[in-house]
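Undergrad: Sharing a model prediction with you, sequence too.
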Amino acid sequence: RFVPILPVMFQIGDIVEVQVSFAIFPLRQGKLKTSMILRSISLLDGSQTKVGL
């Protein structure tokens, strides 16, 4: 289950899981552009950053 939080809650050293999707968008002249779309960030372990506080 996910609980929405502000992005500033994540700190350097946190262990996270990231879910992304890839999408391909057509551009002019028949070219394509690949984009990565962030779907979610899950905090798995934040104990390392709490030790430093």
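TA: Sure thing, it's come through. Numbers count the residues shown, from 1 in each chain.

Undergrad: quick one: stretch 37-50 to chain centroid distance?
TA: Centroid separation for stretch 37-50 versus its chain: 9 Å, with C-alpha atoms, centre = their mean, to the nearest Å.

Undergrad: Now it: average pLDDT?
TA: Confidence for stretch 37-50, expressed as mean pLDDT, is 86.

Undergrad: Distance of residue 45 relative to residue 17?
TA: 10 Å (C-beta to C-beta, to the nearest Å). Where you see a C-beta, it was placed from the backbone N, CA and C, and this is true even at glycine.

Undergrad: Three-state assignment for the residue lying farthest from the centre of the chain, please.
TA: For the chain, the residue at maximal distance from the C-alpha centroid (C-alpha atoms, centre = their mean) is residue 29, at 31.7 Å. Secondary structure for residue 29, judged by DSSP: H, G, I helix; E, B strand; the rest coil, is helix.

Undergrad: going forward, begin numbering at 224 instead of 1
TA: OK, 224 is where the count begins now, so the last one is residue 252.

Undergrad: Can you show me the CA trace of the strand or helix carrying residue 267 as PDB?
TA: Taking DSSP states H and E as the definition, one finds residue 267 inside strand 255-268. Once non-C-alpha atoms are left out, strand 255-268 reads as follows in PDB (Å, rounded to 0.1, in the frame of the first residue of the first chain):
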ATOM      1  CA  LEU A 255      10.800   8.900 -32.600                       C
ATOM      2  CA  LYS A 256      11.700  10.000 -29.100                       C
ATOM      3  CA  THR A 257      11.900   7.700 -26.100                       C
ATOM      4  CA  SER A 258      10.900   9.100 -22.700                       C
ATOM      5  CA  MET A 259      11.000   7.600 -19.200                       C
ATOM      6  CA  ILE A 260       8.000   8.300 -17.000                       C
ATOM      7  CA  LEU A 261       8.300   8.100 -13.200                       C
ATOM      8  CA  ARG A 262       5.400   6.200 -11.800                       C
ATOM      9  CA  SER A 263       6.300   5.800  -8.100                       C
ATOM     10  CA  ILE A 264       9.100   5.900  -5.600                       C
ATOM     11  CA  SER A 265       8.800   3.600  -2.500                       C
ATOM     12  CA  LEU A 266      10.900   4.100   0.600                       C
ATOM     13  CA  LEU A 267      12.200   0.600   1.500                       C
ATOM     14  CA  ASP A 268      14.700   1.600   4.300                       C
END
